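1. Would you be able to build a 3D model of this:
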Amino acid sequence: MKTKVKWIVLFICVVSFLAIAENVWNQEIMMADIIGYKIISTILISDFMTPIAKVITNFGGAICLISIAIILLLIIKNKKIGLSICLNLVIATALNILLKNILQRPRPNEFRLINESGYSFPSGHSMISMAFYRIFNIFDI
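-> Numbers count the residues shown, from 1 in each chain. So this is what the prediction gives:
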């Protein structure tokens with residue numbers, strides 16, 4: 001039963017991603033953009049929340065993920081698991097770069113808390129973090 005639920009959730013996530021990607025491909029403004037901008041402008045941009053958001057963002061950043069991957073590669077006794085973690089990180093990064101270059105969604109100019117370059121969708125932090133941290137559950141790390 002658990003496996004069926006995982007496949008159903010995966011299917012829903014893939015269909016949702018494809019629907020969003022189709023909207024991005026057609027350069028449509030989505031209601032999620034408007035809602036997201038309102039949330040960011042009213043909640044996250046403040047002297048209190050901005051530093052917290054930046055710290056949380058670092059957990060999905062390259063330095064943090066690469067550091068964790070290297071540490072795990074060194075300390076995990078089963079080297080296949082360590083290599084799988086590193087390979088997962090490389091594949092997720094490559095897929096993210098490929099999708100960004102296909103969809104080419106420009107970054108919004110408003111509400112920039114940090115300076116980033118390149119295209120905005122799919123989010124590298126979100127996509128790579130999800131793939132990277134999900135592998136811990138798969139291997140029960």
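2. quick one: the strands in the chain?
-> Counting by DSSP state E, one finds no strands in the chain.
3. show me what contacts the residue nearest the centre of it?
-> Among the residues of the chain, the smallest C-alpha distance to the mean C-alpha position (C-alpha atoms, centre = their mean) belongs to Ser126, namely 1.4 Å. With contacts defined as C-beta atoms under 8 Å, 6 or more residues apart in numbering, the neighbours of Ser126 are Gly60. For glycine as for every other residue, the C-beta is placed from the backbone atoms N, C-alpha and C.
4. wait, Ser84 sits on Ala131?
-> No: the pair formed by Ser84 and Ala131 falls short of the contact definition of C-beta atoms under 8 Å, at 11.6 Å.
5. what's around Thr93, how many residues?
-> When neighbours are defined as other C-beta atoms under 10 Å, Thr93 has 18 of them.
6. What about the nearest residue to it once chain neighbours are set aside, how many residues nearby?
-> Counting by C-beta to C-beta, 6 or more residues apart in numbering, Ile128 is the residue found nearest to Thr93 once chain neighbours are left out, at 5.7 Å. Counted with other C-beta under 10 Å, residues neighbouring Ile128 total 23.
7. Quick one, grab the pLDDT at Ile128.
-> According to the prediction, Ile128 has pLDDT 83.
8. same deal with Asn96?
-> 90.
9. got the contact list for the residue nearest to Thr93?
-> Contacts here follow C-beta under 8 Å, 6+ apart; on that basis Ile128 touches 60, 65, 89, 92-93, 96.
10. low-confidence ranges in this protein?
-> 1, 110-114, 136-141 (pLDDT under 70).
11. And the helices in it?
-> Defined through DSSP state H, the helices belonging to the chain, from first to last, are 2-25, 31-39, 49-58, 62-75, 79-103, 124-138.
12. want to try a markdown table for those, with distance to Asn109 as columns?
-> As requested, these are arranged in a markdown table below (distance: least, C-beta to C-beta, whole Å):
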| stretch | distance to Asn109 |
| --- | --- |
| helix 2-25 | 17 |
| helix 31-39 | 11 |
| helix 49-58 | 18 |
| helix 62-75 | 24 |
| helix 79-103 | 18 |
| helix 124-138 | 19 |
